[in-house]
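Quick one: sequence and predicted model below, then my questions.
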Amino acid sequence: MYKVFVKEIPIILSTEKNIGKQYKSIPLKLARLKKIIKKINNGQLFYVNLYHKNPEKLERFLFKKLKVVEAGGGMVFNDKKEILFIRRNSKWDLPKGKKEKGETHEEAAIRETMEETGVQDLEVKRFITKTYHVFKRNDKYRLKVTYWYEMYTSYDGELVPETNEGIKKVRWKNFEKTQKALQDSYENIKLLFPKEYLTTHPNDRIT
């Protein structure tokens, strides 16, 4: 299954025809992706499932229909098991950015994380997953595919937000503060976290 976010609404791509009563299910061969994206942006569609029995065709369909922009991002832990967050566009986010020519996804993730936060001495521990979201550039839809890596650093120096990229703050957050930050973050970022980070104390919930 894939979740492709348009704003905060996911387009589901799955091998199952029926995934819930609310979902409008469309066979992959009949799906008009750009029309679906437009309806979501216009508030006309909220639950959609594009399905095909062959899982290999799901991602292939996306890459065929939209120009792909590849990026790398990092979930960085320190010695205190805190996680490194950035504040951009009034949301808590994780550092990430576009892959440059000749770079691997891992190299892009390391470089962008360092550039956006000022953190140093990053060690990649593992690949986490890919996330997908749709954005518009020059009046055309694009698909950003971000490759996420878990990283570690013992760096305890100054953190410097990359202000020319719109980053206002860089902060280390412990478990409790991470839970709160994720209430004010993006849905595709939440996909990277274990469920215990997404379950908050009742007194902390935003109503």
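Structure received. Numbering: from 1, shown residues only.

C-alpha from now on. contacts and neighbour counts both.
Noted.

which intervals of the protein have sub-threshold pLDDT?
For the chain, residues meeting the criterion pLDDT under 70 lie at 200-207.

now the strands: where do they sit in it?
Applying DSSP state E to the chain gives strands spanning 2-6, 9-14, 24-27, 48-51, 67-77, 83-88, 91-93, 96-98, 123-137, 140-152, 167-173.

Might one say that Y147 is in contact with G72?
Yes: between Y147 and G72 there is a contact under Cα atoms under 8 Å: 4.8 Å.

Look at the two and report which has more neighbours.
For Y147 and G72, the more surrounded residue by other Cα atoms under 10 Å is G72, and the numbers stand at 26 against 23.

May I ask you to name the longest helix in this structure?
Longest helix of the chain, by residue count under DSSP state H: helix 105-117.

intersection of neighbour lists for Y147 and G72?
Taking Cα atoms under 8 Å, 6 or more residues apart in numbering as the contact rule, Y147 and G72 both touch 105-106, 109.

Could you rank those by neighbour count and give me the top one?
A109 (29 neighbours).

Would you mind measuring from that one to N49?
Separation of A109 from N49 (Cα to Cα, to the nearest Å): 30 Å.

Please apply the same query to W172.
According to Cα to Cα, W172 and N49 sit 37 Å apart.

quick one, which of the two is more surrounded?
Higher neighbour count among W172 and N49: N49, with 27 against 17, using other Cα under 10 Å.
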